[in-house]
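Enquirer: how would this look folded up:
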Amino acid sequence: MLFYRKYGDSKNKPIVVLHGVLGLSDNWDYFGKRFAELGFYVIIPDMRNHGQSPRYETFNYKVMARDVRQVLEYEHITKCYVIGHSMGGKIAMTLAFRNPELVERLEVLDISPRQFDHPLEHVGFIDAMGKVDLRHVKRRGDVEEQLAKYNFEKRILLFLMKNLSYSHEHGFRWKPYLKAIYKNIGEIGKGLENQGIYEGPTLFIRGGQSDYIMEKDLPVMKEQLPNYQLVTLENSGHWIHVDDPKGFMEATERFLMGKSS
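Expert: Modelled structure (predicted):
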């Protein structure tokens, strides 16, 4: 079963938060605590092949939605709110399409149901991480220096470095199972068209500086998620919660509390 973090009282309304490719439950610690302060029970898993969760060769939306359902069953949760960013957003939509009775409210961050018509930028991230020679690394700074030559933005570099772990037994290693993620990256780019319909309340939040939700996506979103609303954070890129945490939190709180935008 997936590793997951818990925040708040288990008697409260549950929220499940699903991270994107190369993300971690730990990246959502701040918001997990904020949601708990609002009176929710928050569950944030590491998805398969990420963080402290098990490694598998199979990596697609169907099995990852099943992984989440298994966590919910273990926690005896029969209905919850689900928030997903990027890949996590497609996992959340897949869960809602396949098990609509489990999802009371759905929030999707900067991703649409469509298939990507260009390679995921994460291919470059995974490629760079895979080329780091961890056998000869003595300190974290050595890894950062090797990644720096790819000229990633500072926030991307920090994001990738959060996936580095160290132990006396194994030395430095990457937390994600890069081989399986890279091999199945095409699965992550696949669309969810014709995968189902979810009629519950749905909020899409897109970044104004991102092209992951475009005008051409709106008819498909309306067809598959007819009860959706769309909020745009104009100064945000793809990493909504990082670029505009205040805007993200305000829009999310309104939605979670059932208030109109």
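
Enquirer: does Gly237 really touch Asp243, like I thought?
Expert: Yes. Using C-beta atoms under 8 Å, Gly237 makes contact with Asp243 at a distance of 5.2 Å. In short, each C-beta sits where N, CA and C put it, glycine included.

Enquirer: Give me the common contacts of these two.
Expert: Common contacts of Gly237 and Asp243 (C-beta atoms under 8 Å, 6 or more residues apart in numbering): 207, 209.

Enquirer: same for the lengthiest helix in the chain, what does it pack against?
Expert: Longest helix in the chain, counting residues (DSSP state H): helix 61-74. Helices and strands touching helix 61-74, by 3 or more C-beta pairs under 8 Å, 6 or more residues apart in numbering; DSSP states H and E, are strand 13-18, strand 40-45, helix 87-98.

Enquirer: Is it possible to get TSV of these that adds distance to Lys138, mean pLDDT and mean neighbour count?
Expert: Formatted as TSV, the helices and strands packed on helix 61-74 follow (distance: least, C-beta to C-beta, whole Å; pLDDT from 0 to 100; neighbours: other C-beta atoms under 10 Å):
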stretch	distance to Lys138	mean pLDDT	mean neighbour count
strand 13-18	35	98	25
strand 40-45	32	98	24
helix 87-98	33	98	26
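
Enquirer: In JSON lines: these, plus distance to His122.
Expert: Below are these laid out as JSON lines (distance: least, C-beta to C-beta, whole Å):
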{"stretch": "strand 13-18", "distance to His122": "16"}
{"stretch": "strand 40-45", "distance to His122": "19"}
{"stretch": "helix 87-98", "distance to His122": "9"}
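
Enquirer: Can you tell me the closest non-neighbouring residue to the residue of the chain most remote from its centre?
Expert: Note on the chain: the largest separation between a C-alpha and the mean C-alpha position, by C-alpha atoms, centre = their mean, falls on His136 (31.5 Å). Spatial nearest neighbour of His136, chain neighbours left out: Asp142 (7.9 Å); criterion: C-beta to C-beta, 6 or more residues apart in numbering.

Enquirer: Tell me the predicted confidence for the one you found.
Expert: On pLDDT, Asp142 comes in at 94.

Enquirer: element containing it?
Expert: helix 140-148 (DSSP states H and E).

Enquirer: who's in contact with that helix?
Expert: Contacts for helix 140-148 (C-beta under 8 Å, 6+ apart): 128-129, 131-134, 136-137, 157, 160-161, 164, 166, 172.

Enquirer: ok, back up a step: and for the longest helix of the chain, what are the contacting residues?
Expert: 1-2, 4, 16, 18, 43, 45, 47-48, 53, 56, 78, 80, 82, 90-91, 94-95, 98-99, 102, 187, 190, 192.

Enquirer: where exactly do the strands run in the stretch 101-250 of the chain?
Expert: With DSSP state E, counting those that start in this stretch as the criterion, the stretch 101-250 of the chain has strands at 103-109, 164-167, 171-174, 202-207, 228-233.

Enquirer: how about the closest residue to Gly196 other than its chain neighbours, what does it touch?
Expert: Among residues not flanking Gly196 along the chain, Phe97 sits closest, at 2.9 Å (C-beta to C-beta, 6+ apart). Phe97 makes contact with 192, 195-198, 224, according to C-beta under 8 Å, 6+ apart.
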